[in-house]
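Colleague: With the sequence up front, the predicted model follows.
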Amino acid sequence: MRRAQRRGLAHEAADRIRESIFEGQVPPGAALREVELASSLDVSRGSVREGLAILEREGLVHSEWHRGARVIELSPDDVDEVYTVRAALERLATRTAATRATPERLAELSGVVGAMERALAAGAEGPALLSLDMAFHDRVYDTAGNSRLTKAWHGVRSQVFLFQLTRIRLGHAQYRSAVVDEHRDLVRMLAGGDTPALGDAAAEHVDSARRALAHMLGGPLPATGAVRTTPRASTAPATPSEGPDRATGRPTAH
C-alpha cells in the first residue's frame, strides 16, 4: 500500500485504502485495522478513521461498534440490492440525458466508446476497460444534469466498481465480448431521444450484469425487482467523469 501524500490526509488515506480494495490486496470481508493502516500509510489513526468513514459513506466499508471496520461482502443479496438500485438510476439517468444531449455530448460519449474499442483491440486488462466503462456512465449522469440523481449515483458508484471488478475477474471473456457493443447501442439510442425503450435498454444493461455476477457467486438468476422488460440492450465516489484514472480512483458491461 502506497504511503499517503500530505494533501488532505483523510482523503488520501481513503484513496489508498480504496485502491487496495479495488486491486484485490484487501479482499471482501477483510478487517481494516486502524493501527496497521496508520503505520502502512504513515498517517495518524485519526486520519485513517476519517478515511474509513469516507469509504463507509461510499458503501465500500462497514463498521460495527467494538468490532471495527471491514470491507463489504459480495453475497448474492448484496449483488441484487446494488444492481437493482443501479438499474433504477440508469433508467432515469439515460432518459433524462436523452432530453438534454447535444451533438457535442453525444460525440463525447461516442469518443469514450471508441476508446473502449481501441483498448480492447490492444488487449487491455479488465480494470482498464472498466475504468472507461465507468467514465461513460459518469458522462451520462453529467449530461442528465440532475445533481440529486448524480449524488445518488455517487452513493453506489464505488460498490458498483468493486462488484464489476469481481465480475470481470470471474468472467473476463464474457465482459470483453459485450462491453463495446452495449455502450455503442446506448449512444445510438440516446441520439434517438427519450423513449421507454431507451430506459428499458439501460436497465437491462445493468440487470444482465447482475444476473451474470449472481450466477458466478452461486446466487439465483431470476430478477427480484430490477428490470425485465426487454431482451438485451446496450449500455461509470472519488469524483468521476474525468476518464479512466479518475474512474478507478475512487462490464455484458455494467
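Modeller: Thanks, I have it. Numbers count the residues shown, from 1 in each chain.
Colleague: From here on, just use CA atoms for contacts and neighbour counts.
Modeller: Noted.
Colleague: Sort out which residues of the helix or strand hosting residue 159 are buried, please.
Modeller: Secondary-structure element containing residue 159, defined by DSSP states H and E: helix 147-170. Of all the residues in helix 147-170, those buried under the rule 16 or more other Cα atoms under 10 Å are 149-150, 153-168.
Colleague: how distant is that helix from the center of its chain?
Modeller: Averaging C-alpha coordinates over helix 147-170 and over its chain gives two centres that are 3 Å apart (Cα atoms, centre = their mean, to the nearest Å).
Colleague: Then stretch 11-18?
Modeller: In terms of Cα atoms, centre = their mean, the gap separating the centre of stretch 11-18 from the centre of its chain is 17 Å.
Colleague: same question, stretch 177-186
Modeller: When distances are taken as Cα atoms, centre = their mean, stretch 177-186 is centred 16 Å away from the chain's centroid.
Colleague: go on, stretch 34-43?
Modeller: Averaged over its C-alpha atoms, stretch 34-43 has a centre that lies 27 Å from its chain's centre (Cα atoms, centre = their mean).
Colleague: buried set for that stretch?
Modeller: Applying a neighbour-count criterion of 16+ other Cα under 10 Å, the buried positions in stretch 34-43 are 34, 37, 38, 41, 42, 43.
Colleague: where's residue 175 relative to residue 205, distance?
Modeller: In this structure, residue 175 lies at 12 Å from residue 205, with Cα to Cα, to the nearest Å as the measure.
Colleague: These two: which is more packed in?
Modeller: Here residue 175 and residue 205 are compared on neighbour count by other Cα atoms under 10 Å; more neighbours surround residue 205, at 29 against 23.
Colleague: Which strands or helices does the helix or strand just after the helix holding residue 159 pack on?
Modeller: Stepping forward along the backbone from helix 147-170, the first helix or strand reached (DSSP H and E) is helix 172-191. Here helix 172-191 is seen to pack against helix 76-100, helix 103-121, helix 126-144, helix 196-216 when contacts are counted using 3 or more Cα pairs under 8 Å, 6 or more residues apart in numbering; DSSP states H and E.
Colleague: right, and residue 175 touches residue 165 too?
Modeller: No. Residue 175 is beyond contact range of residue 165, at 10.3 Å (criterion: Cα atoms under 8 Å).
Colleague: Distance check, residue 213 against residue 140.
Modeller: With distances defined as Cα to Cα, the gap from residue 213 to residue 140 amounts to 23 Å.
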